[in-house]
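Visitor: the sequence and its predicted three-dimensional model are supplied below.
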Amino acid sequence: MALRKFKKNEGLLDRVSSLAGLIDDLPDDLSDEEVAGLVRVMPPDTARSVEAMLVPRSRRASLRFFKMLSTWLKDARRIQQRGGKVFLVPFNFPVEVVHLFRNAIPITSEVLTTLAAAALEGGGERYWEYAMGLGLPDTLCSSNTIELGSILAGEDFRPDAIIQAAPGGCDANSKIHEFVAAELGIPQFFLEKPTDSSSRGKELYRKYLVKLLRDLEEFIGEKLDEDRVREVLGHANRCSDLYFELWELRKCVPSPVPNIFALWCYGVRFSMWGRPEAADCMELMIEVAKQRLAEGRYPAPEERARVLWLYTGYYFDLLGFFNWMEEHGITYLTDMLGTFYPAPVDLTSMDTMIDGMARAAWNMPMTRQMGNPSMLQSWVDDATYAITDLAATCAIYCGHHACKQTWSVFSATRTELQKRLGVPVMALQGDSWMKTMTPTSVLQEEIASFIDNVVVGRSKPKRPRPKRRRRA
């Protein structure tokens, strides 16, 4: 049976760009009545997600976030039209490395997939089905296969090259990107993390980054300009400061940080980090959280549980996941995608700035934990720090079907966390980007049962004083 190619404007990026463009035209002071009118004329799936994003407690920051994404997507089109290069990158690649170039831009597979899953009618399932129709195994991860299925299927976005940074941290990610590069006949560039985490391994990683930068210069046809590098990394430093300020606000009980800001925070990291629009978005999230703290606002009568998610969240129903938990007194503190702990970059010279970018790449999520010589030790250490520092009362693992490497050590991770901290840990099963595996209602039922029967009312365990995280 021949596979149907998608028509123009049916591709994932075109559809996401259209939605982002619509939100881009909305006023910053959108009223409740205007939001109600807007969602009434949208398809059901899109309306549900837009309603979740535009609840009053997070509306201003959500609008700013989507306007930032609209700029990102428009810039990709504009740069490609004028002969520049668009790089498809994975979530664990520091996008500021590409933003250093005036004639290049990174587009992150997982960000586009998440936008499709959360905001497009039907989510991204049509693109997943197309990829499966090509004979690709269903053990691949939907987080990248959905976007890449769209690229393979029609006249949508076509990258000029792919940057690989996931080998060892997420092999499923690496293999689907490799397949797409071969199918499209486009080059791949690699930033491979050594298995050696000693100073020798980190020096080797720095050499790999320098090699990547030289290869990008040649491919793009643009030499790096030191002033431009300093400017971009200066914006990245500002984003890093704001990341830690938002982290500190999450420590308040109840947390004044809306649950959905966890997703917005690493959405910024994976798309526009190093651009002024990213810092503007982070600043507004902090402004909103501080105002809520000053006014003592929380959407439930009390904060009943503070959850650290041990891996990812679920993104196909923002209203039924992030907002539902918050309205039931369950705070989503952050997850492993948010634990990249950015260190400030020394802007003194090109050498010090390259050092800083190498550290940033080394600390990206999953590279930091699953790409470590001991995945169990690194994962448990990072989870222990976050649970202790944010005073989490429990932890939940989403159990995505494609993440075989985390399933292989989850049992040991749960045992070690309970031994170290005494916090209850629950495992869920379900695809983070497709509702066909585990629907929202089942997730809600299991989360509610865990919070009601295991977490609430139990005596709080004594926790060790958190050690100050070393920004290595």
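Guide: That came through fine.
Visitor: from now on I want contacts and neighbour counts done on CA atoms only, so please keep to that.
Guide: Will do.
Visitor: just the strands in the stretch 51-200 of the chain please.
Guide: Counting by DSSP state E, counting those that start in this stretch, the stretch 51-200 of the chain has strands at residues 85-89, 104-108, 161-164, 188-190.
Visitor: tell me the mean pLDDT for the third one?
Guide: Pointing back at strand 161-164 there. Across strand 161-164, the average pLDDT comes to 94.
Visitor: check which helices and strands that strand sits against.
Guide: strand 85-89, helix 171-184, strand 188-190 (3 or more CA pairs under 8 Å, 6 or more residues apart in numbering; DSSP states H and E).
Visitor: hmm, back to that, quick one, which of the strands of the stretch 51-200 of the chain is nearest to Leu443?
Guide: strand 104-108 (27.2 Å; CA to CA).
Visitor: C-alpha coordinates for that closest one, CSV please?
Guide: The C-alpha trace of strand 104-108 is given here as CSV (Å, rounded to 0.1, in the frame of the first residue of the first chain):
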residue,chain,number,x,y,z
ALA,A,104,22.1,29.5,11.0
ILE,A,105,19.5,28.5,13.4
PRO,A,106,18.7,25.3,15.4
ILE,A,107,15.3,23.6,15.2
THR,A,108,14.8,21.0,18.0
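Visitor: relative to strand 85-89, how tilted is that strand?
Guide: Relative orientation of strand 104-108 versus strand 85-89 (axes from the mean of the first three to the mean of the last three CA atoms, to 10 degrees): 30 degrees.
Visitor: how about the helices in the stretch 251-400 of the chain?
Guide: For the stretch 251-400 of the chain, the helices defined by DSSP state H, counting those that start in this stretch occupy 261-269, 276-295, 324-327, 350-362, 375-389.
Visitor: mind putting those in a markdown table, mean pLDDT and mean neighbour count included?
Guide: Output for the helices of the stretch 251-400 of the chain, formatted as a markdown table (pLDDT from 0 to 100; neighbours: other CA atoms under 10 Å):
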| stretch | mean pLDDT | mean neighbour count |
| --- | --- | --- |
| helix 261-269 | 96 | 22 |
| helix 276-295 | 97 | 19 |
| helix 324-327 | 97 | 19 |
| helix 350-362 | 96 | 20 |
| helix 375-389 | 93 | 20 |
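Visitor: quick one: which of those helices is nearest Ser199?
Guide: helix 350-362 (11.6 Å).
Visitor: for that closest one, name the packing helices and strands.
Guide: Using 3+ CA pairs under 8 Å, 6+ apart as the contact criterion, the elements in contact with helix 350-362 are helix 199-220, helix 226-250.
Visitor: pick the most buried one from the helices and strands packed on strand 161-164.
Guide: Across those, the average number of neighbours (mean count of other CA atoms under 10 Å) peaks for strand 85-89, which reaches a mean of 24.
Visitor: what angle do that strand and helix 171-184 make?
Guide: Here strand 85-89 runs at an angle of 150 degrees relative to helix 171-184 (the same axes, to 10 degrees).
Visitor: give the other helices and strands that strand 85-89 contacts.
Guide: Counting contacts by 3+ CA pairs under 8 Å, 6+ apart, strand 85-89 packs against helix 59-81, strand 104-108, strand 161-164.
Visitor: got JSON lines for the helices and strands packed on strand 161-164, with mean pLDDT and distance to Leu69 too?
Guide: Shown next, in JSON lines, are the helices and strands packed on strand 161-164 (pLDDT from 0 to 100; distance: least, CA to CA, whole Å):
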{"stretch": "strand 85-89", "mean pLDDT": "96", "distance to Leu69": "15"}
{"stretch": "helix 171-184", "mean pLDDT": "87", "distance to Leu69": "22"}
{"stretch": "strand 188-190", "mean pLDDT": "95", "distance to Leu69": "25"}
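Visitor: of all these, which one comes closest to Trp273?
Guide: Across these, closest to Trp273 is strand 85-89 (CA to CA), at 13.6 Å.
Visitor: could you dump the strands of the stretch 51-200 of the chain to JSON lines with distance to Ser374?
Guide: Converted to JSON lines, those look like this (distance: least, CA to CA, whole Å):
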{"stretch": "strand 85-89", "distance to Ser374": "25"}
{"stretch": "strand 104-108", "distance to Ser374": "27"}
{"stretch": "strand 161-164", "distance to Ser374": "22"}
{"stretch": "strand 188-190", "distance to Ser374": "22"}
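Visitor: circling back to that earlier point, out of the helices and strands packed on strand 161-164, nearest to Phe219?
Guide: For Phe219, the closest of these is strand 85-89, at 8.5 Å, according to CA to CA.
Visitor: and the closest one, which strands flank it?
Guide: Strand 85-89 pairs in its sheet with strand 104-108 (parallel), strand 161-164 (parallel), by DSSP bridges.
Visitor: off-centre distance for the last one?
Guide: Right, the one you point to is strand 161-164. Its chain's C-alpha centre and that of strand 161-164 lie 18 Å apart, by CA atoms, centre = their mean, to the nearest Å.
Visitor: just the CA coordinates for it, please, in PDB.
Guide: Extracted C-alpha coordinates of strand 161-164, given in PDB (Å, rounded to 0.1, in the frame of the first residue of the first chain):
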ATOM      1  CA  ALA A 161      21.900  19.200   8.200                       C
ATOM      2  CA  ILE A 162      21.500  17.300  11.400                       C
ATOM      3  CA  ILE A 163      23.600  17.700  14.600                       C
ATOM      4  CA  GLN A 164      23.900  14.500  16.600                       C
END
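Visitor: related to what we said a few turns ago, any idea which of the helices and strands packed on strand 85-89 is most buried?
Guide: Buried most deeply of those, by mean count of other CA under 10 Å, is strand 104-108, with a mean of 24.
Visitor: picking that back up, do you know which of the helices and strands packed on strand 161-164 lies nearest Ser198?
Guide: Ser198 lies closest to strand 188-190 among the helices and strands packed on strand 161-164, at 20.8 Å (CA to CA).
Visitor: what sits up against the closest one?
Guide: Outside strand 188-190, the residues within contact range by CA atoms under 8 Å, 6 or more residues apart in numbering are Ala161, Ile162, Ile163, Gln164, Ala165, Glu178, Ala181, Leu212, Asp215.
Visitor: wait, which of those is closest to Glu248?
Guide: Ala165 (29.6 Å).
Visitor: show the contacting residues for that closest one.
Guide: With CA under 8 Å, 6+ apart, Ala165 has these contacts: Val89, Pro90, Asn92, Phe93, Ser174, Phe190, Leu191, Glu192, Lys193.
Visitor: which one among these gets closest to Gly221?
Guide: Looking across those and measuring by CA to CA, the closest to Gly221 is Phe190, at 18.2 Å.
Visitor: quick check: bridge partners of that closest one?
Guide: According to DSSP bridges, the partner residues bridging Phe190 are Gln164.
Visitor: what comes up buried for stretch 211-218?
Guide: Buried residues in stretch 211-218, counting neighbours by 16 or more other CA atoms under 10 Å, are found at Leu212, Leu213, Leu216.
Visitor: got the confidence number for the spatially closest residue to Cys398 that is not a sequence neighbour?
Guide: Of all residues not flanking Cys398 in the chain, Leu428 sits nearest, at 4.9 Å (CA to CA, 6 or more residues apart in numbering). Listed pLDDT for Leu428 reads 95.
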